[in-house]
Each structure stands twice: as structure tokens, then as C-alpha cells.
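>>> sequence and predicted structure are below.
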Amino acid sequence: MSQTEISTLELPLTPAMRALLDEICPKRRRRIYATARLTIVLALVFAVATAVTDRQLFAFLAALSLVIIVGLAIVAGRPTPLETSIDRDVKKGVYFRTTGPIHVASLADGDELEAGCALTVGDRTFKIDSQIASKVELVPRGTVEYTAHARRILEIRDSYGRSIYCHPDYIPMGHALE
């Protein structure tokens, strides 16, 4: 393969990758359950408050609070963009492996810690933090494994196949027994 040749393969997700994607993405269910519990507790508190007194102000506040809590429950149940893209990755069941020239560029206009860096492999670009960039910047050519929609980098290897960076919770297929 020549130094400028770029290849991208579409490969099936392994069970370990599916588990990793589930760990990366916080579950909406937790937020929904927490909001539902809050709704029940506040509804009971306001029900007791309105039963104890005949004032309409408490009934109004109870109704208003219930509407606000239901609105919050709806918002809490909506998936974030990261959750949506990870869900799409899991449904599609594939990840990509791109091999080609590697280039790292800083995105900083002054504060390098905040901005991060751009990793370009062939025709694909990813935003990475400066710690990953320091490991990758001296590699002229390599391979990046990443998810299709969320664009989460799972592993970066040099042209000899040595792992330069691996997501902390990801175990590459060949290293499961090590």
C-alpha cells in the first residue's frame, strides 16, 4: 500500500463494542425514572397541602407545579444528540476502520487545553484532546477504528499495527485474553 493510499472498511460491531457504546452513553431511562419519582413525591405533597387547606392558591400552585414537572419529564426523556448518534451506530451494527496518512493540528486560538486538536486520517477528521494528540502526532501513517455516527474513536494504531491509543473501556479483539 502506498504512503498516500487511503482505505476505509465497514466492519460489524463486536459484542464488546456494543457494550462499550452502552457505557459511553448515559441511559435516558435513569433521567426518566428520577423525574417520575420527583413527580410522584411533589404530587403527593401538593395533594396533602390542598386537602389540609381550602385555599385555592395551593391548588393553583399544585397544578402549575404538576405542569412544570410533566414538561421536565418530557424534556428528560428526549435523547441528546450523542445518545441519538450512538443509538444509530448500534442499530446499524457497524464501525469503520480508516487507514491512511495521519495529521494532527491544534484547534487552539490561545487556550490549548480547551480547544483540543483535530486528527485527520485520510479523508476523515476527528476532534481529540491534547493527550491523545501527543501520542499520535509523530505517527506519519496509521489506522483509526471509530463509530459511524457518533464518531467515537475506539483505537488508533500505527502502520505496524501497534496500538497508540485505545478507548479506556475498549478491548480490541486480539487483546481480549492478554
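Here it is on my side, so go on. Since the structure is predicted, the reported quantities are computational estimates derived from the model, not experimental observations. Numbering: from 1, shown residues only.

>>> mind listing the strands for this protein?
Counting by DSSP state E, the chain has strands at residues 7-12, 94-106, 117-121, 124-128, 141-147, 153-158, 163-166.

>>> direction included, what does the shortest one pair against?
Partner strands and pairing direction for strand 163-166 (DSSP bridges) are strand 153-158 (antiparallel).

>>> show me the shaky parts of the protein.
Counting by pLDDT under 70, the ranges of the chain that qualify are 1-4, 24-32, 46, 49-55, 58, 77, 108-115, 173-178.

>>> swap the cut-off to 90 and go again
Within the chain, the stretches with pLDDT under 90 are 1-95, 105-118, 122-138, 147-154, 159, 161, 166-178.

>>> domain parsing for it?
In terms of domains, the chain is parsed into 7-25+85-175, 28-79 (source: automatic domain parsing).

>>> now do the shortest one: distance to the chain's middle.
Per C-alpha atoms, centre = their mean, to the nearest Å, the displacement of domain 28-79 from the mean C-alpha position of its chain is 30 Å.

>>> rewinding a little: and of the strands of the chain, who's closest to L42?
Closest to L42 of those, according to C-beta to C-beta: strand 141-147, at 38.8 Å. Quick note: C-beta positions are derived from backbone N, CA and C, even for glycine.

>>> quick one: the closest one to strand 124-128, angle?
For strand 141-147 against strand 124-128, the angle by axes from the mean of the first three to the mean of the last three C-alpha atoms, to 10 degrees is 80 degrees.

>>> give the pairing partners of strand 141-147; include direction for each.
Those paired with strand 141-147 in the sheet (DSSP bridges) are strand 94-106 (antiparallel), strand 153-158 (antiparallel).

>>> can you map out the helices along this protein?
15-24, 28-52, 56-77, 81-92, 112-115, 130-136 (DSSP state H).

>>> dump those to JSON lines, plus distance to L154 and mean neighbour count.
Converted to JSON lines, the helices of the chain look like this (distance: least, C-beta to C-beta, whole Å; neighbours: other C-beta atoms under 10 Å):
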{"stretch": "helix 15-24", "distance to L154": "7", "mean neighbour count": "16"}
{"stretch": "helix 28-52", "distance to L154": "23", "mean neighbour count": "13"}
{"stretch": "helix 56-77", "distance to L154": "29", "mean neighbour count": "13"}
{"stretch": "helix 81-92", "distance to L154": "11", "mean neighbour count": "16"}
{"stretch": "helix 112-115", "distance to L154": "23", "mean neighbour count": "12"}
{"stretch": "helix 130-136", "distance to L154": "12", "mean neighbour count": "16"}
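
>>> could these go into a markdown table alongside distance to T99?
Shown next, in a markdown table, are the helices of the chain (distance: least, C-beta to C-beta, whole Å):
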| stretch | distance to T99 |
| --- | --- |
| helix 15-24 | 18 |
| helix 28-52 | 35 |
| helix 56-77 | 40 |
| helix 81-92 | 20 |
| helix 112-115 | 27 |
| helix 130-136 | 14 |
